[in-house]
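1. Whatever this is, show me its structure:
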Amino acid sequence: MGYLHKANWSAIQSHRNAIFMVNVEGPSEYKHVTTVDKNDLLSMKYYITYGSCTIVHEIVDKAIDENDNLILFVKDNVIECLR
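-> Residues are numbered from 1 along each chain as shown. Next up, the predicted model:
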């Protein structure tokens, strides 16, 4: 799990019972997920987001920290972007 250093742990630790996504291939930022139930994500392999781009987030690993935050380590695959 060499990608653990990519997360901004101090910002994540300030939350409780939240969901975060950390891209294992991208920059050292995280996304706070608020639109899905944490228990649903525990059994998922993929999470899809829609906006200006449709992105399939492949969940490659999961962790729960001491504050009960769910941290999803993902690979992002952009499917389509609006022009």
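
2. Mind picking out the helix or strand in the protein with the poorest mean pLDDT?
-> Scoring the helices and strands of the chain by mean pLDDT, DSSP states H and E places helix 9-13 at the bottom, with a mean of 81.

3. buried residues in that one?
-> Applying a neighbour-count criterion of 16 or more other Cβ atoms under 10 Å, the buried positions in helix 9-13 are Ile12. No exception for glycine: its C-beta is placed from N, CA and C like everyone else's.

4. these two touch, right, Glu25 and Asp76?
-> Yes. A contact is recorded between Glu25 and Asp76 when judged using Cβ atoms under 8 Å, the distance being 7.4 Å.

5. The two: who's more crowded?
-> Looking at Glu25 and Asp76 with other Cβ atoms under 10 Å, you find the greater number of neighbours at Asp76, namely 16 against 10.

6. Tell me which strands the helix or strand encompassing the more buried one pairs with, and in which orientation.
-> Following DSSP states H and E, one finds Asp76 within strand 70-81. Pairing partners of strand 70-81, with direction, according to DSSP bridges: strand 19-23 (parallel), strand 53-64 (antiparallel).

7. Now find how far off-centre the longest one is within its chain.
-> Using Cα atoms, centre = their mean, to the nearest Å, we find the averaged C-alpha position of strand 53-64 to lie 5 Å away from the chain's own average C-alpha position.

8. ditto for stretch 68-76
-> Using Cα atoms, centre = their mean, the distance from the centre of stretch 68-76 to the centre of the chain it belongs to is 4 Å.

9. now stretch 49-61
-> Relative to the mean C-alpha coordinate of its chain, stretch 49-61 is positioned 9 Å out (Cα atoms, centre = their mean).
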